[in-house]
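> Just a sequence and a predicted model for now, questions to come.
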Amino acid sequence: MPGERLDVRLLGPVLAYAGARRLDLGPRKQRLVFAILALEANRVVPVDRLVELAWPVDAPRTAAHAVRVCVSGLRSALAGRVDAEIDTRGAGYALRADPHQVDAARFRQLLKRAAAAEDDASRVALLDEALALWSGPTTYGVALCGTAPVQTQEVLCRGLEESRLAAIEDRFDAELRLGRHWAVLGEVTEMARAHPTRERLTGQLMVCLYRTGRQTDALDAYRQLDRLLGEEFGVDPGPALRELQLAILRDDPALRRTGVAAPAGDRPAQLPAATGDFVGRAAEFERLDALVRTGAATTVVVSGMAGVGKTALAVNWGHHVRSAFPDGQLYVNLNGYAPGPPLAPLRVLAGLLIALGVPPERVPTDQDEATALYRTMLADRRVLVMLDNAARPDQVRPLMPGARKPTSTAATATPGWSRPNGPRPSTATPATGWAVPGRCDCSASPSGTAVRSRQECSGGRRSPCSRRSAARRPTNSGTCCRHIDADEPPV
């Protein structure tokens, strides 16, 4: 409909939406012409330049005509819109639109705001919001994915992708200044492995490892980079990294910040930034709201295959109900499906305890003791605990709060997960749920989304895993767990 705002997405596959409706931008060359015009919104792009970018090698003699055909098709796709039109200006074309309708422009604006932020917590939130605009693998961002030839992608997107990596590094620096090395260790490890010659990432990994008691691993990370740079480029690491290595060798007290405890009375607010253009999950929101409103469940699991929007649903819903959890919101990415190792429960517990106000020096080094203190800290508090991207049930069990109420946990899960406690369900299909005799009540929502509930015993309240996948629930003391399947398309 003409009144729906146009949303152009270039930080991944080239897409355009009018509200929740995806526009048909046509074949690959036509999508590429649209992407070029969108990157240059309100500026004229000559036809010769469009030809050069669309056919970087051996352009056909009819290329200019083909560009005009693409523009004609795009005008049809945008027909009736008042917020986006393609104008002919001289020997070129210009997409007339608000630049902030294009995700690449919003990304750059958020980076500017993050650079000007007054504190690191605000900076992290803005960088998270900027990075959430990208789709695809965490380690490598690919703008214009599947649309542009390699040579064109290098010309158009190299700056954007470098800005993305720099934003990730800026975020890690801010997180480390906030003492959140436990929380980012998995992400830093993954990024440093994917980009082994980026010295800044290696330095951040060394700091994380050192602060988590792995001094030898930190020094080994330096040696690996030193060897790689020498063999591949014949150079040594830069002076900043060499100074960091010496500081670790000297056990410099300036590096020994093991975390920053939340000030007394402070409430954690760790949810990632909500997605501004999140649409199409009204039915799931209503069901999640009902669980909080009625107290019917203290653990919620959102399941579905990778990429269907489980994390977006859980995170956006978490922001929606923040006021229902006045004692705070905890969030951890458990790195269950990252190339690096999943976060160990003890590391996660350390970060959660620090967020709850426990001084770093008082965090137990024994997992059972840390779990007991964690459950004590959550007792009689109304806190939302969101665990994301869990690898296996035993990663999640120690993170489950002990009291049935008032703490709530939310999780996303891929199909095939076993429950954190108890036997594996005998069946688990997206449409029918788990067939646990005498325990499972499965019903379908009006939209076809499966909503599952069951009464189960749970010796410890559960904490799910929310971002890309998560835990299924335990079985012990009458805790009710609801399950929402995210595989169905948005409604």
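Nice, thanks for sending it over. Just so we're clear, the structure is a prediction, and the values are computed from it rather than from any experiment. Numbering: from 1, shown residues only.
> Could you check stretch 33-45 and say which residues are buried?
Of the residues in stretch 33-45, those scored as buried under the neighbour-count criterion (16 or more other C-beta atoms under 10 Å) are 33-41, 45. In short, each C-beta sits where N, CA and C put it, glycine included.
> Need phi/psi at Asp87.
Recorded main-chain torsions at Asp87 are phi -100, psi 150, according to degrees, to the nearest 10.
> Can you tell me, leaving aside adjacent residues, what's nearest to it?
By the measure of C-beta to C-beta, 6 or more residues apart in numbering, the closest residue to Asp87 outside its immediate chain neighbours is Ala94, 5.1 Å from it.
> Contact partners for Met377?
By C-beta atoms under 8 Å, 6 or more residues apart in numbering, Met377 lies in contact with 353, 356-358.
> Repeat the analysis, applying 10 Å as the threshold.
With contacts defined as C-beta atoms under 10 Å, 6 or more residues apart in numbering, Met377 is in contact with 352-353, 355-358, 383, 401.
> Pull out the buried members of those residues.
Buried members of the contacts of Met377, scored by 16+ other C-beta under 10 Å, are 352-353, 355-358, 383, 401.
> how about those residues in a markdown table, adding secondary structure and pLDDT?
Below are the buried ones among the contacts of Met377 laid out as a markdown table (DSSP: H, G, I helix; E, B strand; the rest coil; pLDDT from 0 to 100):
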| residue | secondary structure | pLDDT |
| --- | --- | --- |
| Leu352 | helix | 87 |
| Leu353 | helix | 87 |
| Ala355 | helix | 81 |
| Leu356 | coil | 85 |
| Gly357 | coil | 82 |
| Val358 | coil | 82 |
| Val383 | coil | 88 |
| Pro401 | coil | 81 |
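> correct me, but Leu178 touches Ser122?
No - counting by C-beta atoms under 10 Å, no contact exists between Leu178 and Ser122, whose distance comes to 11.1 Å.
> Comparing these two, which shows the higher neighbour count?
Using other C-beta atoms under 10 Å, the more surrounded residue of Leu178 and Ser122 is Leu178, with 18 against 14.
> quick one, phi/psi of that one?
With angles defined as degrees, to the nearest 10, Leu178 sits at phi -80, psi 0.
> Please name the residues that touch the closest residue to it other than its chain neighbours.
Among residues not flanking Leu178 along the chain, Asp120 sits closest, at 5.2 Å (C-beta to C-beta, 6+ apart). Contact partners of Asp120, counting by C-beta under 10 Å, 6+ apart, are 171, 173-180.
> Can you flag which of those residues belong to strands?
When the contacts of Asp120 are checked against strands using DSSP state E, none is located there.
> would JSON lines of the residues you listed with pLDDT be doable?
Formatted as JSON lines, the contacts of Asp120 follow (pLDDT from 0 to 100):
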{"residue": "Arg171", "pLDDT": "95"}
{"residue": "Asp173", "pLDDT": "93"}
{"residue": "Ala174", "pLDDT": "93"}
{"residue": "Glu175", "pLDDT": "91"}
{"residue": "Leu176", "pLDDT": "91"}
{"residue": "Arg177", "pLDDT": "89"}
{"residue": "Leu178", "pLDDT": "87"}
{"residue": "Gly179", "pLDDT": "86"}
{"residue": "Arg180", "pLDDT": "86"}
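> Apply the buried test to these and list what passes.
In the contacts of Asp120, the ones that pass as buried (16+ other C-beta under 10 Å) are 171, 173-176, 178-180.
> Now do the helices in the stretch 51-200 of the chain.
Secondary structure of the stretch 51-200 of the chain (DSSP state H, counting those that start in this stretch): helices at 63-77, 103-115, 120-131, 150-177, 181-194, 199-211.
> show me the contacts for the residue lying farthest from the centre of the chain.
Here the chain has its C-alpha centre computed as a mean, and the residue farthest from that point, by C-alpha atoms, centre = their mean, is Arg61 with 44.6 Å. Residues near Arg61 by C-beta under 10 Å, 6+ apart: none.
> how far away is it from Trp55?
11 Å (C-beta to C-beta, to the nearest Å).
> How about Asn42?
On the measure of C-beta to C-beta, Asn42 and Trp55 end up 25 Å apart.
> Also Leu229?
Look at Leu229 and Trp55: by C-beta to C-beta, they are 38 Å apart.
> next one: Tyr210
Shown here: Tyr210 relative to Trp55, a distance of 51 Å by C-beta to C-beta.
> and the two? which has more neighbours close in?
In this comparison of Tyr210 against Trp55, neighbours counted by other C-beta under 10 Å, the higher total goes to Tyr210 at 24 against 18.
> OK, contacts around the nearest residue to the more buried one once chain neighbours are set aside?
Closest residue to Tyr210 in three dimensions, ignoring its sequence neighbours and counting by C-beta to C-beta, 6+ apart: Ala218, at 4.3 Å. For Ala218, the contacting residues are 202-203, 205-212, 244-245, 248-249, 255, taking C-beta under 10 Å, 6+ apart as the criterion.
> okay, now the nearest residue to Ala143 once chain neighbours are set aside: neighbour count?
Leaving aside its chain neighbours, Ala143 sits nearest to Cys157 (4.0 Å; criterion: C-beta to C-beta, 6+ apart). One way to gauge burial is a neighbour count; for Cys157, by other C-beta under 10 Å, it gives 22.
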